[in-house]
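Visitor: Mind folding the following:
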Amino acid sequence: MAVLEILTLPDERLRQVSAPVTTFDDQLRAFIADLEETRLAGPAAVGIAAPQVNVFQRIVIVDVSGRKNTPNHGHLVLINPEIAHWEGFEMAREGCLSVPDYTGNVIRATRIRLTANDPWGRALTFEMEGYEARAVQHEMDHLDGTLFVDRVVSRRTDLFRRKVYQPGGQAAGSA
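Guide: Coordinates of the predicted model:
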């Protein structure tokens, strides 16, 4: 397994639309292992999408199981995911490995029905809500070349510079 390089803004490759996966083989599963290794190497990422590592296929990994009191389906590898139904909406703060310097307030559906394939091509269906639904929507946006900064209501009031902490506890940025 390998930790892959993560593309970051302003890299225009992040705007590329990804193609559906058509071959479910050992090569795909090896790439998924590298993608997971990359997610785990990042700073507390609950998800990652293939386009973030310069692979333009419809693959996302999401795992919000480490967040307390959050309904979830555990560690998910979703191939060719599609939202079949959504309802409700809520604004909340999001961050992204590909936009390391900012977080932002984004409106997302609160409940979704998701269809996808697993790494062997088997069909999956999930009912998701809350934080898990938000994380999946965020990662799926990458498959269409959309970043959370494209969805903030106002870049003036809903986009925030991340705090960067240096050794010794000195803040090097502002919220």
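Visitor: And the longest helix anywhere in the chain, what does it pack against?
Guide: Selection of the longest helix in the chain by residue count, based on DSSP state H, yields helix 26-41. Using 3 or more C-beta pairs under 8 Å, 6 or more residues apart in numbering; DSSP states H and E, the elements in contact with helix 26-41 are strand 47-49, strand 59-62, strand 76-87. For glycine as for every other residue, the C-beta is placed from the backbone atoms N, C-alpha and C.
Visitor: Show me where this protein has its helices.
Guide: 26-41, 130-143.
Visitor: Give me whichever of those helices is most buried.
Guide: Compared across the helices of the chain, helix 130-143 shows the largest average neighbour count, a mean of 24 (mean count of other C-beta atoms under 10 Å).
Visitor: can you state the direction angle for it and strand 76-87?
Guide: On the basis of axes from the mean of the first three to the mean of the last three C-alpha atoms, to 10 degrees, helix 130-143 is oriented at 100 degrees to strand 76-87.
Visitor: Quick check: mean pLDDT of helix 130-143?
Guide: Mean pLDDT, computed over helix 130-143, is 98.
Visitor: Take the helices of the chain and lay them out in TSV including distance to residue 108.
Guide: Below are these laid out as TSV (distance: least, C-beta to C-beta, whole Å):
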stretch	distance to residue 108
helix 26-41	20
helix 130-143	5
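Visitor: which one of these lies closest to residue 61?
Guide: Residue 61 lies closest to helix 26-41 among the helices of the chain, at 5.7 Å (C-beta to C-beta).
Visitor: contact partners of that closest one?
Guide: 1-4, 6, 21, 45, 47-48, 50, 53, 55, 59, 61, 77, 79, 119 (C-beta atoms under 8 Å, 6 or more residues apart in numbering).
Visitor: Perfect, that will be all.
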